[in-house]
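Q: coordinates for the following, if possible.
(one chain, ligands or ions: 1)
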Amino acid sequence: MVPKSKIDAILDGYDPEEITIATLCSHSSLQIFHGARKLGFKTLGLTITHSTKYYDAFPLGKPDEIIKYKDFDDMESRVDELYDRNVIIIPHGSFVEYMGSERFGDYPVPSYGNREVLNWESSREKQREWIEGAGVSMPEIITDPKSIDRPVMVKYNGAKGGKGYFIAMDYNGFKLAVDPDESYNIQEYCMGTRYYMHFFYDPLKHDGYKCAEGGSLELMSMDRRDESNIDELYKLGNIDDLKKVGMYPSFVVTGNTPVVLRESLLPKAFDMAERVVDKSYELFGGMWGPFCLETVVNDKLQFKAFEISTRIVAGTNPFISGSPYADLIYPGMSTGARMAMHIKEAAKEGKLKEIVS
Ligand code: ATP
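A: Numbering: from 1, shown residues only. Model prediction:
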């Protein structure tokens, strides 16, 4: 992982009034560029294989400039061009996933957020140690497939975006579907409704909902993912009948829908997020900026968190002009703009090194 001292030295060479916000052209980049522009930043798109023509359709979300690289090696060898532009990169899920979390950790360009979080997010075991250690409930793990006694979700290690997951009802179902060449993790299938909650922790702000370190915890928005084909499968009837014709449930994210949580559940939601933030300071020096708790609420109104994403999630994209929650804090503000605001204020106060790593 690139040493913090190296990033600090790069920041020393930056003009804090001339910062450019850059990200990989995908995922939530329209929102990130739109938010950065609103706050007066120059914007830069980084791309390898992704087409960028779609930006022409959205002038307010189009970056001022685009650099096209041959591959990630090329991107790594051309960091000077980014230093010249005083670039701070905003990591998003696809940026870290396409580059690989280890490689992203080593990429020596100032990055918004704490890189240390990568070690805790990228391994399912470490993620569990953190979240359960914070006192937040997660789906139970089933270590022996023979003991499957309820619906379970089998997740292959390394699978992403819900691709390659499957549901089994018992050991037989597991045996029929499992790929023996892959390593996997079996967890209880949490029955209930899903809420993907987009929080933001600002350690430089000291009012609002406070965490142990004294910073402020905000809820920016909430979504539910559209997942193909599981969301529509019920229209064809019984899952077992479908299996006979070779149709299996899959969980591939194809889009996002805005949701709000029953108001009486908000205290529980904040309590979980607060615990996770507090624990992050105890374990690895903190998590700040946007993060998402991916949860299921059952009919007893109990939460289980099946995953945490520690940066902007694409589920914030429906909220480019605000949300029912953001509007009660910063009317009309997106998570993309909130990050830009964080960077702008930190730059003004000479505190960039506190939020960039
Ligand atoms: P990403 O990194 O994009 O969040 P992922 O590959 O890590 O995705 P998960 O978010 O863990 O995948 O799961 C994909 C989907 O599978 C979830 O959005 C949810 O619909 C479903 N899911 C995951 N775990 C469970 C569970 N324990 N019980 C019920 N559904 C689950």
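
Q: the helices in the chain, which residues?
A: 4-12, 29-38, 72-77, 79-84, 93-99, 101-106, 117-121, 124-133, 171-177, 230-233, 239-244, 266-284, 335-348, 352-355 (DSSP state H).

Q: the second one to helix 335-348, inter-axis angle?
A: Right, the one you point to is helix 29-38. 40 degrees (axes from the mean of the first three to the mean of the last three Cα atoms, to 10 degrees).

Q: for helix 29-38, the distance to its chain's centre please.
A: 17 Å (Cα atoms, centre = their mean, to the nearest Å).

Q: sorry, back to before: okay if I get the helices of the chain as JSON lines plus mean neighbour count and distance to residue 310?
A: All C-beta spots, glycine's among them, are computed from the backbone N, C-alpha and C. Converted to JSON lines, these look like this (neighbours: other Cβ atoms under 10 Å; distance: least, Cβ to Cβ, whole Å):
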{"stretch": "helix 4-12", "mean neighbour count": "13", "distance to residue 310": "17"}
{"stretch": "helix 29-38", "mean neighbour count": "25", "distance to residue 310": "16"}
{"stretch": "helix 72-77", "mean neighbour count": "14", "distance to residue 310": "21"}
{"stretch": "helix 79-84", "mean neighbour count": "13", "distance to residue 310": "23"}
{"stretch": "helix 93-99", "mean neighbour count": "20", "distance to residue 310": "9"}
{"stretch": "helix 101-106", "mean neighbour count": "16", "distance to residue 310": "11"}
{"stretch": "helix 117-121", "mean neighbour count": "21", "distance to residue 310": "5"}
{"stretch": "helix 124-133", "mean neighbour count": "16", "distance to residue 310": "9"}
{"stretch": "helix 171-177", "mean neighbour count": "14", "distance to residue 310": "30"}
{"stretch": "helix 230-233", "mean neighbour count": "15", "distance to residue 310": "25"}
{"stretch": "helix 239-244", "mean neighbour count": "12", "distance to residue 310": "33"}
{"stretch": "helix 266-284", "mean neighbour count": "18", "distance to residue 310": "8"}
{"stretch": "helix 335-348", "mean neighbour count": "23", "distance to residue 310": "13"}
{"stretch": "helix 352-355", "mean neighbour count": "18", "distance to residue 310": "14"}
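
Q: worst average pLDDT in these?
A: Looking over these, mean pLDDT reaches its minimum on helix 239-244, with a mean of 81.

Q: quick one on the thing from earlier: mind putting the helices of the chain into a markdown table with distance to residue 223?
A: Shown next, in a markdown table, are the helices of the chain (distance: least, Cβ to Cβ, whole Å):
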| stretch | distance to residue 223 |
| --- | --- |
| helix 4-12 | 32 |
| helix 29-38 | 13 |
| helix 72-77 | 29 |
| helix 79-84 | 31 |
| helix 93-99 | 13 |
| helix 101-106 | 23 |
| helix 117-121 | 19 |
| helix 124-133 | 20 |
| helix 171-177 | 29 |
| helix 230-233 | 13 |
| helix 239-244 | 25 |
| helix 266-284 | 14 |
| helix 335-348 | 11 |
| helix 352-355 | 25 |
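
Q: right, so of these, which gets closest to residue 218?
A: helix 335-348 (7.7 Å; Cβ to Cβ).
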